[in-house]
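Undergrad: Here is a sequence together with a model predicted from it:
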Amino acid sequence: MANPSQCLEEGAGRWPPRPPGPYSEAQRLALEELVAGGPEALRAFLRREQLPPFLSEPEVQAIARGALPPAAAPEPAGEPSPGASLDASSLTYFPERSDLEPPALELGWPGFASGAFRGLTRVEAHFQPGCGESIYGCKEAVRRQIRSARQMIALVMDSFTDTDIFKDLLEACSQRQVKAYILLDQSSFSHFLKMCKDLGVDLEREKLIRIRNITGKTYYTRSGAKIVGKVREKFMLIDGIRVTTGSYSFTWTDGKLNSSNILILSGPAVAHFDLEFRILYARSKPINLKELSSCKKNKVLDQLVRITVASRDLTRENFLRMEFLYLRAFVGNLKRKRSWLHAAREAVYVSNNAMHASPPLTKRNGSLVMRPHWIVER
C-alpha cells in the first residue's frame, strides 16, 4: 500500500485524505453562523453561499436556544483516581489512553467472558397501543422484566418520570437486593428529581442505586461556545442475559397516549448492549446527591426544576440562572451562619415587657448607621 508521500509524488489520491463519514465544511461554517448570530444569520449565510437548507426549523430553534456560551474560566482538571498509574498520560496529540481511570461499576457487574453463552436467542415484540389482551403492552412488559431481575438492572433512558416503573425498580432494590445503574439524559434529569421529590424518595439513602448524567456528542465552535446533543438511546439490561430496547420511554404519556414499541432480546445480541452500557457509563458524569439535598433544603431545587420544565432545552439564559441560584444558595448558608454567630455574641437579654424605641446606632465610615441587634427573651 502506498504511503502518503508516494501518493503526493505520483499525484494519486488526495492529501490530506477526506475525513470519513458525511462531513461537510459548508455545514460547519453554517453552524458557526447560527450560534454566533442566530437563525437570521444562518439564513443569510445559506443565501450568500447558495446552499440548500439542511436544518429543519425545530432544529434551528433548538440549536440556537441550546448553544452554551464559552466558559469564563477553564474547567478544573479532574483529580486522578488512586488506581491511576503515573504513566497513564500521553503527550501525543492523539493519546491512546485517557489520563483518568473510567468510573468503576462499584455495585458489581455480571461476569461474562467474551463469547460466553448468554442463553438461547429469542426476540419478543410488544406494541402500544396493543390489539391483544392488553392495550398497554410496552409498559406491562417493562414492569415484568424489572420484577424478574435477580442481580442487576442497567438502564439508559432519555426521560424517566413514570412513577409505576420507578416504584417497581425501588422494590427490586429493597426487597431482592438488585443493583441498579441508571444513566439519564442531562436535559431531562431535573424531571426525574421532581418525581423523586413528589414520591418522598431520598436518592442519597438508596445504597443499591447509582445514577449518573449523560449527554450526546458535544460540538465546539471556534468562539468556544458548544452545542450539546441529547441521548436518544433507550434500553434496559437485566442480569446481563436479557435486554429491552425500542422507542418506548419511561413516561406516563408513552405509557398511555403515544404509540411505541419495544423488543425483548436474549442470546448473543445482549453482549453488544452490555458493552455499549459500559462505554456510556465511562462517558457519564456523577451526580452530587449531597449538594442536591442541600439545595432542596434551601428551596433552590424547586426553582431549578421550574426553569428546566419551562424549557426542555438548556438555554443560555437558563444556564446562567441556574448558576446564580446555586451561588445564592451557598451565600445564603454563609449569611445564616454569620448571623447566628453575631447573635450568640451580641444577644441582649431583656424582660418580656421591654421595648426598644429605636435600634442602637454605630459609626461606620464617618456616618451613623443602625447596628443590627437581637433581642432574646428569657
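TA: It's in. Numbering: from 1, shown residues only.

Undergrad: Neighbours of Arg283, how many?
TA: Using other CB atoms under 10 Å, Arg283 has 12 neighbouring residues. Any C-beta I mention is one placed from the backbone N, CA and C, and that applies to glycine too.

Undergrad: what do you get for Ser260?
TA: 20.

Undergrad: Point out where the stretch 101-250 of the chain drops to low pLDDT.
TA: Applying pLDDT under 70 to the stretch 101-250 of the chain flags the ranges 132.

Undergrad: The stretch 251-378 of the chain now?
TA: Along the stretch 251-378 of the chain, segments meeting pLDDT under 70 span 289-378.

Undergrad: for the helix or strand hosting Asn213, packing partners?
TA: Assigned by DSSP states H and E, Asn213 belongs to strand 209-214. Applying 3 or more CB pairs under 8 Å, 6 or more residues apart in numbering; DSSP states H and E, we find strand 209-214 packed against strand 179-185, helix 270-283, strand 285-286.

Undergrad: Report how many residues lie close to Ala64.
TA: The tally of other residues near Ala64 (other CB under 10 Å) stands at 20.

Undergrad: okay, the helices and strands packed on strand 209-214, which one's buried deepest?
TA: strand 179-185 (a mean of 22; mean count of other CB atoms under 10 Å).

Undergrad: Can you check what angle separates the next helix or strand after that one from strand 179-185?
TA: Downstream of strand 179-185, the first helix or strand assigned by DSSP H and E is helix 189-199. Per axes from the mean of the first three to the mean of the last three CA atoms, to 10 degrees, the angle that helix 189-199 makes with strand 179-185 is 130 degrees.

Undergrad: Could I have the CA atoms of helix 189-199 written out in PDB?
TA: Provided in PDB are the C-alpha atoms of helix 189-199 (Å, rounded to 0.1, in the frame of the first residue of the first chain):
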ATOM      1  CA  PHE A 189     -32.600  14.900  34.800                       C
ATOM      2  CA  SER A 190     -34.500  17.600  36.700                       C
ATOM      3  CA  HIS A 191     -37.800  16.000  35.800                       C
ATOM      4  CA  PHE A 192     -36.500  12.700  37.400                       C
ATOM      5  CA  LEU A 193     -35.600  14.700  40.500                       C
ATOM      6  CA  LYS A 194     -39.000  16.200  40.700                       C
ATOM      7  CA  MET A 195     -40.600  12.800  40.500                       C
ATOM      8  CA  CYS A 196     -38.400  11.500  43.400                       C
ATOM      9  CA  LYS A 197     -39.300  14.500  45.500                       C
ATOM     10  CA  ASP A 198     -43.000  14.000  44.900                       C
ATOM     11  CA  LEU A 199     -42.700  10.400  45.900                       C
END
